[in-house]
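>>> Fold the following.
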Amino acid sequence: MGVDSRELGKIAMIFSTLRGVAQLLRGFCGSERLNA
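As a prediction, this is how the structure comes out:
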C-alpha cells in the first residue's frame, strides 16, 4: 500500500486523540447526570 510510518503515526495520534475526547465527553455527561 504506500503508507509510510509517518502517515501511520499521524493516524494513530488522531485516533488516540479522538478516544481521549470521547472519554472526556463520557465522563462529563456521567457527572452531569449524577448532579441532576
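>>> helix or strand for G2, which one?
For G2, there is no enclosing helix or strand under DSSP states H and E.
>>> burial measure for it, as a count.
A count of nearby residues for G2, using other CB atoms under 10 Å, gives 4. The C-beta positions use only the backbone N, C-alpha and C, and glycine is treated the same way.
>>> same check, this time on M13
10.
>>> just for the protein, where's the confidence low?
1, 34-36 (pLDDT under 70).
>>> Can you show me the strands along it?
Assigned by DSSP state E, the chain shows no strands.
>>> Roughly how far does F15 sit from E32?
26 Å (CB to CB, to the nearest Å).
>>> again, but for K10
33 Å.
>>> for L24, same thing?
Computed as CB to CB, the L24 to E32 distance reads 12 Å.
>>> ok, now R19?
Counting by CB to CB - R19 and E32 are separated by 20 Å.
>>> I11 now?
In terms of CB to CB, I11 sits 32 Å off from E32.
>>> Same question for R26.
In terms of CB to CB, R26 sits 11 Å off from E32.
>>> Show me the contact partners of stretch 26-36.
Applying CB atoms under 8 Å, 6 or more residues apart in numbering, stretch 26-36 has no contact partners.
>>> where does it sit relative to the chain's centre, distance-wise?
19 Å (CA atoms, centre = their mean, to the nearest Å).
>>> cool, stretch 10-29 as well?
Per CA atoms, centre = their mean, the centroid offset for stretch 10-29 relative to its chain is 2 Å.
>>> pull the CA atoms of it into PDB?
Provided in PDB are the C-alpha atoms of stretch 10-29 (Å, rounded to 0.1, in the frame of the first residue of the first chain):
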ATOM      1  CA  LYS A  10      -0.300  10.600  12.300                       C
ATOM      2  CA  ILE A  11      -3.400   8.300  12.000                       C
ATOM      3  CA  ALA A  12      -2.500   6.700  15.400                       C
ATOM      4  CA  MET A  13      -2.200  10.100  17.000                       C
ATOM      5  CA  ILE A  14      -5.600  11.200  15.600                       C
ATOM      6  CA  PHE A  15      -7.200   8.000  16.800                       C
ATOM      7  CA  SER A  16      -5.800   8.300  20.300                       C
ATOM      8  CA  THR A  17      -6.900  12.000  20.500                       C
ATOM      9  CA  LEU A  18     -10.400  11.100  19.400                       C
ATOM     10  CA  ARG A  19     -10.500   8.300  22.000                       C
ATOM     11  CA  GLY A  20      -9.400  10.700  24.700                       C
ATOM     12  CA  VAL A  21     -12.000  13.300  23.700                       C
ATOM     13  CA  ALA A  22     -14.700  10.600  23.700                       C
ATOM     14  CA  GLN A  23     -13.700   9.500  27.300                       C
ATOM     15  CA  LEU A  24     -13.700  13.200  28.400                       C
ATOM     16  CA  LEU A  25     -17.200  13.700  27.000                       C
ATOM     17  CA  ARG A  26     -18.500  10.400  28.500                       C
ATOM     18  CA  GLY A  27     -17.100  11.400  31.900                       C
ATOM     19  CA  PHE A  28     -18.600  14.900  31.700                       C
ATOM     20  CA  CYS A  29     -22.000  13.500  30.700                       C
END
